[in-house]
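**Q** Pasting the sequence and the predicted coordinates here, then a few questions.
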Amino acid sequence: MLGCSDDVDPATGNFPNSGDEIGDTGFSPYDLGPGPLMGQECLTSIKPGAYGYKAQCEGLFLTSLAWTHNGIPQFFTIPSDGGGGFGNDYESYEDAKVMACCAPYDNDETLAEQPHFAHNCMMDARQLACSSMASALGHFIGSNDLPNDEEQALENLRGYLSSESGQTECIDRMGEGHDEMSPMVVSSEWLMDPGLWGVQSVETIEMKMVVTVTDIDQPDSPTICESLHENGDEFLEPVDPPFGDAHILSLVDGMALAAGPTSGAYTFPGQLEMASLLSSCRPGRCSRMSFAPTSGGELYLEELKLYPAQPVTLTILGEKVEVHDPRIELYGSAAGSWYHGEGVNTFSSNPGQARFMIVGECLGEWVTLPAVGSSAISITEMGDEWFAKRFELMHEDGNLDAWTIAVPETEWLKL
């Protein structure tokens, strides 16, 4: 189910050759040798033996897609409210949406004095915007009742953006508004060729991206990195920073039950143990969820990530293929309603309110598949213990076949 098929969202794509390394000027590419990066050196792609130190980029972004259908303009944005960001106000260092892979950041200097970091961040932001657009298109198509011809045009475009050539072209086009002498701001536009969607009633499609890098965050003991592809499984979401501390929960124990078409080229294990406290999950790969307060103090479901405890193997045309780093992740956040009783509080969202991404690396490519919460999600708080009722999510593939993942009742512990 996790891709390796025609119904996959984006491959990582290739960065332009001009950004493979950053030289002493911060912008001139040259051949790097093995060993740690020094000075203003940065990496985008792997260079044998060379390594840098992961930095978390902070900033603001907005990407949009606009088109005309029978002369009527349409559009959507990521995030949907027209503004969003990335960095330590939005996600952890380990889950950095936008990263740089360079020599160590000098905290005694400003970002403006170290422009190679902003340049490297922008390279990663372009890749992230392109992969996120392909993912968001899948959700937009699935959540809107579109005319058949308009839906077909957007599906054709999604298929192109999900391919390696489409990702590579998108990354290149999103760099056309990048002023290398002022690398902290990018504003790009891409008026696409009609052949990419091939439906006459859709006259034009244009993608835009605006990104500003405002700061760099790097811990005292940063993670070693070898390229910008290391966070290729991340995607931009319509998420705002919470108004206060979030309630972070870790899964105590749980299973996931997968079901799909009984015929076809793909089969996969029907039951998977999820990474949890009882399965001795490793840091960064423990199933977790969090609730964050709104400006009014009410909590909403901010994060839900489910990781398997064991390797996942698909059978494709009789051949076994391992899926690396798979996960199920809430896309954006999920609003819901609360019932407050004596010592018991229950959060509930209706079917369709929560949207998900199914993510994994398969046959050397990152794959993201859109899914929707096909059942209600109900989670009850009882002190430090939280209990979730069984819920299901569904992905519809290119053949209109439904794949479901059910998560039976689970227990969660507040950290």
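**A** Perfect, I can see it now.
**Q** The stretch 1-150 of the chain: helices as residue ranges?
**A** Applying DSSP state H, counting those that start in this stretch to the stretch 1-150 of the chain gives helices spanning 115-143, 148-161.
**Q** so what does the following helix or strand past the shortest one touch, helix or strand wise?
**A** Spelled out, it's helix 148-161. Downstream of helix 148-161, the next assigned helix or strand under DSSP states H and E is helix 164-173. Applying 3 or more CB pairs under 8 Å, 6 or more residues apart in numbering; DSSP states H and E, we find helix 164-173 packed against helix 115-143, helix 148-161, strand 185-191. (C-beta placed from N, C-alpha, C; glycine too.)
**Q** Using CSV, list the CA coordinates for stretch 331-346.
**A** Provided in CSV are the C-alpha atoms of stretch 331-346 (Å, rounded to 0.1, in the frame of the first residue of the first chain):
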residue,chain,number,x,y,z
TYR,A,331,-2.1,16.1,8.2
GLY,A,332,-2.3,19.5,9.8
SER,A,333,-4.5,19.3,12.9
ALA,A,334,-8.0,18.1,13.8
ALA,A,335,-10.7,20.1,15.4
GLY,A,336,-13.4,18.4,17.5
SER,A,337,-15.7,18.8,20.4
TRP,A,338,-15.1,18.1,24.1
TYR,A,339,-17.4,16.5,26.7
HIS,A,340,-16.3,17.5,30.2
GLY,A,341,-17.5,15.2,33.0
GLU,A,342,-16.4,14.7,36.6
GLY,A,343,-12.8,13.6,36.3
VAL,A,344,-13.3,12.6,32.7
ASN,A,345,-12.8,14.7,29.5
THR,A,346,-13.5,13.3,26.1
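**Q** Can you check the pLDDT for the most centrally placed residue in the chain?
**A** Compute the mean C-alpha point of the chain, and by CA atoms, centre = their mean the closest residue is Phe235, 2.2 Å away. What the model reports as pLDDT for Phe235 is 71.
**Q** And for it, nearest residue in space, chain neighbours not counted?
**A** Spatially, and ignoring its direct neighbours in sequence, Phe235 is nearest to Ser132 (4.3 Å; CB to CB, 6 or more residues apart in numbering).
**Q** just the angle between the longest strand along the chain and helix 148-161, please?
**A** The single longest strand within the chain, with elements called by DSSP state E, is strand 50-69. Going by axes from the mean of the first three to the mean of the last three CA atoms, to 10 degrees, strand 50-69 is angled at 160 degrees with respect to helix 148-161.
**Q** partner strands of strand 50-69, parallel or antiparallel?
**A** In the sheet, strand 50-69 lines up against strand 35-36 (parallel), strand 72-78 (antiparallel), strand 84-86 (antiparallel), strand 99-102 (antiparallel), strand 202-217 (antiparallel), strand 224-225 (antiparallel) (DSSP bridges).
**Q** Provide a list of residue ranges in the stretch 151-300 of the chain with pLDDT below threshold.
**A** 177-183, 233, 237-244, 261-269, 295-297 (pLDDT under 70).
**Q** In contact with Cys286: list those residues for me.
**A** 250-251, 275-277, 307 (CB atoms under 8 Å, 6 or more residues apart in numbering).
**Q** Inside strands: which ones of the residues you listed?
**A** 250-251.
**Q** Which member of the contacts of Cys286 is positioned nearest Gln56?
**A** Tyr307 (21.1 Å; CB to CB).
**Q** That closest one contacts Glu329, doesn't it?
**A** No. Judged on CB atoms under 8 Å, Tyr307 makes no contact with Glu329 at a distance of 9.5 Å.
**Q** Which one of these two is surrounded by more residues?
**A** Neighbour count, other CB atoms under 10 Å: between Tyr307 and Glu329, Tyr307 has more, with 23 against 20.
**Q** and the gap between the more buried one and Lys97?
**A** 18 Å (CB to CB, to the nearest Å).
**Q** count of residues packed around Val210?
**A** Val210: 17 neighbours (other CB under 10 Å).
**Q** Check the one 5 residues further on too.
**A** Neighbourhood size, Asp215 [other CB under 10 Å]: 16.
**Q** I'd guessed it sits against Leu111; true?
**A** Yes. Applying CB under 8 Å, one finds Asp215 in contact with Leu111, separated by 6.0 Å.
**Q** Give me the common contacts of those two.
**A** The contact sets of Asp215 and Leu111 do not overlap (CB under 8 Å, 6+ apart).
**Q** wait, is Glu230 part of a strand?
**A** No. If the criterion is DSSP: H, G, I helix; E, B strand; the rest coil, then Glu230 is helix and not within a strand.
**Q** Now do the contacts for it.
**A** Contacts of Glu230 were listed using CB under 8 Å, 6+ apart, and they are 54, 99, 101.
**Q** Which single one of the residues you listed is nearest to Leu393?
**A** Closest to Leu393, out of all of these and judged by CB to CB, is Met99, at 28.2 Å.
**Q** Against Gly336, how distant is the closest one?
**A** Distance, Met99 to Gly336, by CB to CB: 32 Å.
**Q** thinking again about what came up before, and the longest strand of the chain, which residues are buried?
**A** Buried positions in strand 50-69, judged by neighbour count with 16 or more other CB atoms under 10 Å: 50-59, 61-67, 69.
**Q** from the chain's centre, how far out does it sit?
**A** Remark: strand 50-69 is offset 11 Å from the chain centroid, using CA atoms, centre = their mean, to the nearest Å.
**Q** Can you give the domain ranges for this protein?
**A** For the chain, automatic domain parsing gives the domain ranges 17-231, 247-414.
**Q** residue at max distance from the center of the chain?
**A** Computed with CA atoms, centre = their mean, the maximum C-alpha offset from the centroid of the chain is found at Glu342, amounting to 38.3 Å.
**Q** Quick check, pLDDT for it.
**A** Reported pLDDT for Glu342: 77.
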